[in-house]
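> compute the structure for the input listed below.
(one chain, ligands or ions: 1)
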Amino acid sequence: MKGSAINQKTIPHRIYLTEDQIPTQWYNIRADMKNKPAPILNPGTFKPLSKEELTPIFAEKLVDQELDNETRYIDIPDGIREIYKIYRPSPLIRAYNLEKALDTPAKIYYKYEGNNTSGSHKLNSAIAQAYYAKEQGLKGMTTETGAGQWGTALAEACSLFGIPLIVYMVKVSYDQKPFRRTVMQTFGAEVHPSPTTQTQIGKKILAENPETTGSLGCAISEAVETAVTHEGYRYFLGSCLNYVILHQSIIGIESKIAMESIGEYPDIVIGCAGGGSNFGGLISEFVHDKLTGKSNPRLIAIEPASCPSFTRGKFAYDFADTGKITPLCKMYTVGSQYIPPSDHAGGLRFHGMSPILSQLFHDGIIEAQAVTQRKVFEAAVLFAKTETILPAPESAHAILGAINEALKCKESGEEKTILFGLTGTGYFDMTAYEAYLNGSMNDSSISEEELQRSLAQLPVVPEEA
Ligand SMILES: *Cc1c(COP(=O)(O)O)cnc(C)c1O
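Below you'll find the predicted structure:
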């Protein structure tokens, strides 16, 4: 909002909303999309999955939300808002010190979601998912976790609602991040290094590749298999799916209210993108403005060069897992058989991207950029030194995106307003920081050959073939 009545000097560093400003409804982007995201397909019949087919895998309320392309605003139950009050509203912060260090005329704001024990935005959806599981009277929940943030968030949410949780943790993280595992166990979760020998798919993957350090896709396969073979259990996912993007819209709704309270509106909104949940949540109200013609901010997703779903992937139906047992989602994907290099430290390793965001990208409503990891950590260190929050490597992708845009403003002299999502803290990622600091970190990106090999294994869906 140019020409704001508020003197810039009076804008505080931290803009806090009050408890009763926690939104009472989530915003469902799909209601305003002209082209809806493609339906999830049954991999056997290639027919869209019905509610009846999805409810043996997912909690019922979440299936309703997953399939709802029409309801614009969906009520947040009081039981969820009450728990949100433990750590929300999250602060919007003006990065004055970072601006100074960059010597930029741009105004940089960030929405900080690391202000809770789980250390990331994932708790927003975890709480909603555990709440609905409890409401349905489920006996237990299963999930996978990569770097460990989702597992931590869901373990916390499950302990709040008193529901057992089984977590399949990608083996390389299980070994590299033992403290993450211990946090989950502290909250009462059962944690296994994936692949395990306890599932059919785990056994198969281990037989084919005994040395594997695991992948998110493989852990998903194991968690789904466990959910469908245990009575009263369901599988819960922390990103990518429509209902997760819905829950995370709370980030964008709060951001917009906070910015408006100081007479601001972003010209550019930037978030990191793994499966797309924080970015989808952060841009929610701004996409709403864009889709309804109220404003036209640039919305930029930042992804790692070693897992570049948007920028180098294909918009096609693909499995969400390596074991090819999940339904098919139409999304930008580098292929479910692609496993990022194990020296890739920055997270965001999921091969696909949220179907909602994929459609928005396909329609030119959002943009994407891929970045290499040493630049990401350079941005992380500058941010830590100036803003004194040690960011998660994932979040540092968004920081780098914001820095790049702010430096462009320095060149052009434009005073743009930038909002980015600071999704979490990086205190469990010190091995990665150490590798950056001692110079052993690589800038791996996927080779064209490797990409084509992975894409050649995409499922052939009749309508598309
Ligand atoms: C999981 C995670 C991400 C990436 O996931 P999205 O679903 O793309 O948001 C980003 N930042 C942090 C801190 C995370 O834990």
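
> wait, what's in contact with Asn28?
Contacts of Asn28 were listed using CB atoms under 8 Å, 6 or more residues apart in numbering, and they are 68-69, 71-74, 246, 249. Just so you know, the C-beta spots here come from the backbone N, C-alpha and C atoms, and that holds for glycine as well.

> roughly how far apart are the residue most central in space within the chain and Thr372?
When CA atoms, centre = their mean is applied to the chain, the residue found nearest the centroid is Ser277 (3.5 Å). Applying CB to CB, to the nearest Å, the value for Ser277 to Thr372 is 23 Å.

> likewise Ile418?
21 Å.

> tell me which of the two has more neighbours.
Just comparing Ile418 and Thr372: by other CB atoms under 10 Å the higher neighbour count belongs to Ile418, 26 against 17.

> so which elements touch the helix or strand hosting that one?
Assessed by DSSP states H and E, Ile418 sits inside strand 417-422. Where contact means 3 or more CB pairs under 8 Å, 6 or more residues apart in numbering; DSSP states H and E, strand 417-422 is packed against strand 107-112, helix 242-261, strand 268-272, helix 277-291, helix 393-412.

> adjacent strands (with direction) for it?
Partners of strand 417-422 in the sheet, by DSSP bridges, are strand 107-112 (parallel), strand 268-272 (parallel).

> could you give the angle of the longest one to helix 242-261?
Read it as strand 107-112. 140 degrees (axes from the mean of the first three to the mean of the last three CA atoms, to 10 degrees).

> what's next to strand 107-112, contact-wise?
Residues outside strand 107-112 that contact it (CB under 8 Å, 6+ apart): 8, 90-95, 98-99, 251, 254-255, 258-259, 264, 266, 282, 389, 402, 406, 415-422.

> wondering if the lowest-mean-pLDDT helix or strand in the chain reaches the ligand at all.
None of the helices or strands of the chain scores lower by mean pLDDT, DSSP states H and E than helix 171-176, at a mean of 89. No: using CB under 6 Å from any ligand atom, helix 171-176 never reaches the ligand; the gap is at least 11.8 Å.

> put the alpha carbons of that helix into CSV.
The C-alpha trace of helix 171-176 is given here as CSV (Å, rounded to 0.1, in the frame of the first residue of the first chain):
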residue,chain,number,x,y,z
LYS,A,171,17.1,-43.3,8.0
VAL,A,172,19.7,-40.7,7.2
SER,A,173,18.0,-38.2,9.4
TYR,A,174,17.3,-40.8,12.1
ASP,A,175,21.1,-41.3,12.3
GLN,A,176,22.1,-37.6,11.7
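
> any chance you could list what contacts the helix or strand following that helix?
Later in the chain than helix 171-176, the nearest helix or strand by DSSP H and E is helix 178-186. For helix 178-186, contacts defined as CB under 8 Å, 6+ apart pick out 145, 147-149, 151-152, 155, 167, 169, 173-174, 191, 428.

> so which of the residues you listed is surrounded by the most neighbours?
Busiest of the contacts of helix 178-186 [other CB under 10 Å] is Gly151, holding 32 neighbours.

> that one and Ala301: what is the separation?
24 Å.

> circling back: and among the strands paired with strand 417-422, the most buried is which?
Ranked by mean neighbour count, those are led by strand 268-272 with a mean of 30 (mean count of other CB atoms under 10 Å).

> chain center to it: distance?
Going by CA atoms, centre = their mean, to the nearest Å, the spacing between the C-alpha centre of strand 268-272 and its chain's C-alpha centre is 13 Å.

> quick one: contacts for Ser239?
By CB under 8 Å, 6+ apart, the contact set of Ser239 is 122, 150, 274-277, 350, 354.

> confidence score at it?
Per-residue confidence (pLDDT) for Ser239: 91.

> check which helix or strand it maps to.
Judged by DSSP H and E, Ser239 forms part of no helix or strand.

> separation between it and Val376?
The value you get for Ser239 to Val376, if CB to CB is used, is 19 Å.

> what does the pLDDT read for Met169?
96.

> and what of Gly214?
88.

> now it. Nearest residue, chain neighbours left out?
Excluding the flanking residues, the one nearest Gly214 by CB to CB, 6 or more residues apart in numbering is Lys171, at 3.7 Å.

> what's around the one you found, how many residues?
So Lys171, with other CB under 10 Å, has 20 neighbours.

> ok, it - contacts?
Per CB under 8 Å, 6+ apart, neighbours of Lys171: 193-195, 212-214.

> just the terminal-to-terminal distance for stretch 46-64.
20 Å (CA to CA, to the nearest Å).

> mind listing what's buried along that stretch?
46, 49, 54, 57-64 (16 or more other CB atoms under 10 Å).

> so what touches it?
Counting by CB under 8 Å, 6+ apart, residues outside stretch 46-64 touching it are 39-42, 66-67, 129, 132-133, 135-136, 138, 224, 227-228, 234-236, 243, 327-328, 461-463.

> off-centre distance for it?
That offset, for stretch 46-64, works out to 22 Å (CA atoms, centre = their mean).

> can you pull the pLDDT of the residue of the stretch 51-200 of the chain found nearest the ligand?
Nearest residue of the stretch 51-200 of the chain to the ligand: Gln149, at 3.2 Å (CB to the nearest ligand atom). According to the prediction, Gln149 has pLDDT 92.
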